[in-house]
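Participant: predicted model and sequence below, questions to follow.
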Amino acid sequence: MRFLFAVFLTLFASHATPAQTTISLLTEDGGTVFADLYGKSERAVVLVHGGRFTKESWAPQARALQAAGYRVLAIDLRGCGKSHGPGDSNLDTAPHYLDVLAAVRYLHQNGVKTAGTKASRHSLNFVRARGTAAHRAIMWKAISS
């Protein structure tokens with residue numbers, strides 16, 4: 001019986017989703033963004049929290065996306081968690097788009113071929129830009145530099 005339990009435990013552990021790695025990213029205006037990185041795929045998703053949440057708020061979704069074959073980068077916007085940078089004292093006007101830009105740029109520079117973003121409904125300045133020419137320009141700038 002112990003042998004079967006050991007075999008089961010070994011099989012289960014080999015299929016378990018590995019834990020994330022916390023990394024830091026530099027923004028083009030000198031800010032530092034902390035992020036949790038999951039997986040190693042060429043397809044990626046950047047998860048952007050909103051309001052009073054943090055990158056850890058995305059953990060269940062990040063693990064599910066990783067299990068589905070995506071690399072996931074859940075970021076803390078400046079002024080949240082340990083992330084900081086110019087403008088972080090006012091979350092309504094902080095240049096959060098630069099935080100997302102740094103995340104997409106990191107993924108592109110580390111082998112990601114396609115990346116999308118998912119922001120919560122309350123992700124401040126970045127959500128206001130989603131679907132606009134400004135959002136497309138941010139994403140283009142990230143992958144072309």
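Facilitator: Perfect, thanks for sending it. In this text, all values refer to a predicted model and were calculated from it rather than measured experimentally. Residues are numbered from 1 along each chain as shown.

Participant: from here on, just use CA atoms for contacts and neighbour counts.
Facilitator: Fine.

Participant: confidence-wise, which helix or strand of the protein is lowest on average?
Facilitator: Scoring the helices and strands of the chain by mean pLDDT, DSSP states H and E places helix 2-15 at the bottom, with a mean of 43.

Participant: what's the following helix or strand after it?
Facilitator: Of the helices and strands lying after helix 2-15 in sequence (DSSP states H and E), the nearest is strand 21-26.

Participant: buried residues, that following strand. List them.
Facilitator: Neighbour-count burial for strand 21-26, counted by 16 or more other Cα atoms under 10 Å, picks out 24-26.

Participant: over to stretch 42-52?
Facilitator: 42-50.

Participant: same thing with stretch 68-77?
Facilitator: For stretch 68-77, the buried set under the neighbour-count rule, 16+ other Cα under 10 Å, comprises 70-77.

Participant: any chance of those in TSV, with pLDDT too?
Facilitator: Output for the buried residues of stretch 68-77, formatted as TSV (pLDDT from 0 to 100):
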residue	pLDDT
Tyr70	95
Arg71	96
Val72	96
Leu73	96
Ala74	96
Ile75	95
Asp76	95
Leu77	92
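
Participant: and stretch 50-60, end to end?
Facilitator: Stretch 50-60 stretches 16 Å from its first residue to its last (Cα to Cα, to the nearest Å).

Participant: and stretch 24-39, average pLDDT?
Facilitator: Per-residue confidence for stretch 24-39 averages out to 97 on the pLDDT scale.

Participant: same question, stretch 116-129
Facilitator: If you average the pLDDT values across stretch 116-129, you get 58.
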